[in-house]
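> structure for the following, please:
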Amino acid sequence: MKIRTLKLREAHKPSAAYGAANGSSFCSILWDQQARHLVTASSSDSGISIHDALLPSTTPKILRHHRDGVTALALSPNSTCLASGSIDNSVKLYKFPGGEFETNITRFTLPIRALAFNQSGSMLAAAGDDDGIKLINTVDGSIARVLKGHKGSVTGLAFDPMGEYLASIDSMGTVLFWELQSGTILHTLKGVAPNTGLDTSLVNILSWSPDGEMLAVPGLRNDVVMYDRDTAEKVFTLRGDHLLPLCFLSWSPNGKYMATSSLDRQVLIWDVLKKQDIDRQKFEDRICCMAWKPVGNTLAVVDVSGKYGLWESVVPSSMKSPTEDIPQSSKKSNGLLLFEEEGQEPCSSGSLGDNGEDSIGESGPPSRKRIRKRSEFDEDRSTENTIDDYGLLPQRMAPKRAREQLDKGANEELRSTAISVRSKMQEAFQPGVTPVQPGKRRFLCYNMLGTITTMEYDGYSHIEIDFHDTSRGPRVPAMTDHFGFTMACLNENGSVFANPCKGDKNMSTLMYRPFSSWANNSEWYMRFEGEEVKVVALGVHWVAAITSLNYLRIFTDGGLQKHILSLDGPAVTASGSKNRLAVVTHASNCLPSNDQVLEFHVFDIRNGTRPSRGRLPLSPGSHLIWFGFSEEGLLSSYDSKGVLRVYTSQYGGSWLPLFSANKTKKSDENYWVVGLNASKLFCIVCKSPEVFPQVMPKPILTLLDLSSPLASSDLGADVLENEFILNNLHLFQIQKRIEESSSDGRDTTELDDEAFSTEAAQDRCILRLIASCCNSDKLVRATELVKLLTLEKSMKGAIKLVTALKLPNLADRFNNILEERMLNETKDMSEAAGVAVNQGSGLGRNGTSSEVSSEPSCIPSSSTTLSAPHFVKKVVNRGAQKGRSDHNQTAREVQPEAATSGGSAELRTTAAAGNQETSRTSNPFLKSSSNHEGAAKEAMCQRPPSNPFKKSVK
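Next comes the predicted model:
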């Protein structure tokens, strides 16, 4: 076969300062996705060169950020991020093709030898002379896992195109297959590749075929050995005219060809299916790295002296082009929940160039071990020369064994399916945190109180704390962070920080920093070895951290380790408010529909109880992206489909949907939730494709009205119906707080005022709904609504309304409802007073006993001309409360004001000395009469119902 020569041009000069005294160094070369640029680097040069492939004569762009020679390069699949490793022990990221420096994403204690991106670019594997392979999240810079198993320097890394495995090789010739989902070693192949010794210019490498079915490894006989992806069994070899061991190999884009270089300074081009070389090239020096052009028939090469060149028309024109029929690898989950693949709405993760990625990836079909069969006509053929549909047939398989293998394959499929389901479980996240943006400041915490931001520099970070309202918090000085904190939480008393496992001891750190203290050294931190903090939360005098061991660790604000609880499942997120801590965990694996199965727990830290727990509802196909408490203390959640839910104790504990982004946001908008109050959702509107805010310019909070996902009503009064639902929720919560305050003996005056205002607002809303019903001829619905009115004045207003609308039949019904309600209330009051006397609780305030009045109760006229009642506040009547056996709410004593100029008089429900005492369940306001003697009877007769949703009307 004809041997040709290729002229190379110099890209890097050997330098004795970087250990290239013998003139040999390891050099790297890469193409970008569009084949517009070539990237070269050398272990004898601290610079990285970006060459214009279209104009090779132009001066390349030089990136000089390393302090020592560059030993490894990797380019993300979408060619937006360039990674470099160096003898200076650091791994750096750059924008591509601009070359702007982004960040030092990690650092080792010894030189880096190998880098590799996964299929989505969201994960970077880095290794070298250190003991361990780091799997790094390119989104936030966190280290997801450290894989340890090699005894020598790791010189080659390759992610399986299907996203299930990572293959690695060391200088001693050992190959390891890693399962990404669990981080465990699946297969170990010892001594299958040459031992390169201490020669750093010669490295062992490996590479997956583009379809992910085989792993190519340099063999011990100057050949290439192919191993099966699932069994790690030897499939076949490529053995030709190489006289010395291989030093590099590279698959063509379609996987039909392979280029190999050897210490004999030859480069051979192989037809993989035919297992024979089809062309070769002799060079003046050893070729240490090669890269096929993504488009076209060209191979880029670089030798150990730093010279590079392009081998045009590598594959003969009579054969299929190396870029024809490129296999489309299935987009599978790569097994690490922190890094998922394409196809989801963005949340808090994704590659640097793909904002559309998410922490919950769609998984492709489960992999299963390939079953290879042989026909009876192939029994005499050599195993090595036999190929099936895949071009491979490693061994003979008898029919019985084939059936057993088929059954085993089915079991493998079931197991793989289970793993695929587990791999889709949502990873833990901290509310209010934004992903790492190299070279930019980001949020460690953003809530309704303030923000915590951080900016990463070389070896440390700069953290600042700011309050939205400076009057609510002190001025906090900036701090220097040497721990690399990735999450934080903030309240009025202090802030808590945490980082993932780092360092040789794989330790995670938790630090609490109070804003004010009488002691000088009030700041404290905790270290967890082999246990990683996933989520943190703050409350009144307590700090909580949830770890990777499913431990809920509760500390006092002084640093006392108070409680350690075991959670039922892996944590998803957590939030704190005053004495309450809410935690979300996984209740089980995902459903077959890929829906998350989450559970929430509410802990009362002060009392050491768990008052609430249950399933956390999510929209189908969504995941949780925000979780916290409203300003009123309501537990709330927001999912990736844009639905906000609030937890209430109604119906034994239920989640009410109060907002849907699909009905409000524009197609080019995304909502990043910060918090909410009784009527508004606070969020930051991000323009697509952005899904989180930038620190600068300062983001603007947008207030959106809460709106339940109501059905389209025939009334056309969606706004009023939404207001009706929100008022009901607000009133229910106020009444619950009144009950809790009364049981604790606390003053409820302010809550009484708030309840009265809410009841009045709800009555106004109901009156407008009644008007809409009358105009739409929905009289039955109007009758249902009038029964929900709380105040007598409102009921009389409804009667006036329907009378004005000339609906006399409806007016009569409203009159009957009003009279029936007053009669029932009078009867209830009389029974309550009688029970109080029978139980000996009918003592007046002066200590004298009183008797129940036998005077008949009066029922005032239901005429619409009656004047509106005047309501005043009451104080608690403990005796009447004790006597009411058929009510659960606190009874109150009436104190009507006298309308005369003589001042006011106290009236009681007992008949002694003209004093009469009344009580009601929750509404603390009753009518005041100008008739001093009849005030008690009118208050008893005209008292509005306490809760129209609990009270039944006969």
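
> packing partners for the helix or strand harbouring I734?
Using DSSP states H and E, I734 sits within helix 718-743. Here helix 718-743 touches strand 643-648, strand 654-660, helix 749-775, going by 3 or more Cβ pairs under 8 Å, 6 or more residues apart in numbering; DSSP states H and E. Where you see a C-beta, it was placed from the backbone N, CA and C, and this is true even at glycine.

> return the most buried member of the ones you listed.
Each of the helices and strands packed on helix 718-743 was scored by mean neighbour count; the highest is strand 643-648, a mean of 21, by mean count of other Cβ atoms under 10 Å.

> residues in contact with stretch 613-623?
Residues from elsewhere that reach stretch 613-623 (Cβ atoms under 8 Å, 6 or more residues apart in numbering): 347, 358-360, 426, 584, 587, 593-602, 624, 637, 639-641, 643, 645, 653, 655.

> list the buried residues in that stretch.
For stretch 613-623, a neighbour-count test (16 or more other Cβ atoms under 10 Å) marks 616, 618-619, 622-623 as buried.

> between those, which is closest to L444?
For the buried residues of stretch 613-623, the residue nearest L444 by Cβ to Cβ is H623; the value is 21.6 Å.

> from V572, how far off is that closest one?
9 Å (Cβ to Cβ, to the nearest Å).

> now swap in S182 and tell me
For S182, the distance to V572 - Cβ to Cβ - is 20 Å.

> just V646 next, same as before
Noted for V646: a distance of 18 Å to V572, by Cβ to Cβ.

> pull up the distance across stretch 228-242, start to finish.
Taking Cα to Cα, to the nearest Å, stretch 228-242 runs 24 Å from one end to the other.

> let me see the mean pLDDT of that stretch.
If you average the pLDDT over stretch 228-242, you get 92.

> next one: stretch 607-627
When pLDDT is averaged over stretch 607-627, the result is 94.

> how far off centre is that stretch?
Centroid separation between stretch 607-627 and its chain, computed with Cα atoms, centre = their mean, to the nearest Å, is 13 Å.

> please apply the same query to stretch 829-837.
Centroid displacement of stretch 829-837 relative to its chain, using Cα atoms, centre = their mean, is 57 Å.

> same check on stretch 663-673?
18 Å.

> neighbouring contacts of it?
Applying Cβ under 8 Å, 6+ apart, the contact partners of stretch 663-673 are 346, 625-626, 638, 642, 644, 661, 681-688, 690-693, 704, 707, 709.

> so which of these are in strands?
625-626, 638, 644, 681-687, 704 (DSSP state E).

> which one of those is nearest T758?
L681 (19.8 Å).

> ok, now how distant is the closest one from K687?
For L681, the distance to K687 - Cβ to Cβ - is 18 Å.

> more neighbours, the two?
The neighbour comparison of L681 against K687 (other Cβ atoms under 10 Å) goes to L681, with 24 against 10.

> kindly state the pLDDT recorded for the more buried one?
For L681, the pLDDT comes out at 94.

> for the one 3 residues further on, same thing?
Per-residue confidence (pLDDT) for I684: 95.

> try the one 3 residues further on
With respect to pLDDT, K687 scores 87.

> contact partners for it?
Contacts for K687 were tallied using Cβ under 8 Å, 6+ apart; they are 668-670.

> how about low-confidence regions in the stretch 251-400 of the chain?
Along the stretch 251-400 of the chain, the model assigns pLDDT under 70 to residues 329-400.

> can you give me the helices for it?
Along the stretch 251-400 of the chain, the segments classed as helices by DSSP state H, counting those that start in this stretch run 399-422.

> R580 and N607 touch, don't they?
No. R580 lies out of contact with N607 (Cβ atoms under 8 Å); the separation is 10.2 Å.

> please say which of the two ends up with more neighbours.
Shown here are R580 and N607; by other Cβ under 10 Å, R580 has more neighbours (20 against 9).

> need the contact list for the more buried one.
Counting by Cβ under 8 Å, 6+ apart, R580 makes contact with 539, 602-605, 629, 633.

> and the pLDDT for it?
Looking at R580, its pLDDT stands at 95.

> equivalent analysis for T58, please.
Reported pLDDT for T58: 87.

> can you tell me the closest non-neighbouring residue to it?
Of all residues not flanking T58 in the chain, D52 sits nearest, at 5.1 Å (Cβ to Cβ, 6 or more residues apart in numbering).

> who touches F603 in this structure?
Residues in contact with F603, defined by Cβ under 8 Å, 6+ apart, are 552, 580-583, 609-610.

> nope, V267 is what I meant
Contacts of V267 (Cβ under 8 Å, 6+ apart): 259-261, 280-281, 283, 287, 290, 299, 301, 311.

> please save the CA atoms from stretch 821-829 in CSV.
Output of stretch 821-829 as CSV, limited to C-alpha atoms (Å, rounded to 0.1, in the frame of the first residue of the first chain):
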residue,chain,number,x,y,z
ARG,A,821,-82.0,32.1,60.7
MET,A,822,-83.0,34.6,63.5
LEU,A,823,-85.4,32.0,65.0
ASN,A,824,-82.7,29.4,65.1
GLU,A,825,-80.2,31.8,66.5
THR,A,826,-82.6,32.8,69.3
LYS,A,827,-83.3,29.2,70.1
ASP,A,828,-79.5,28.4,70.2
MET,A,829,-78.9,31.4,72.5
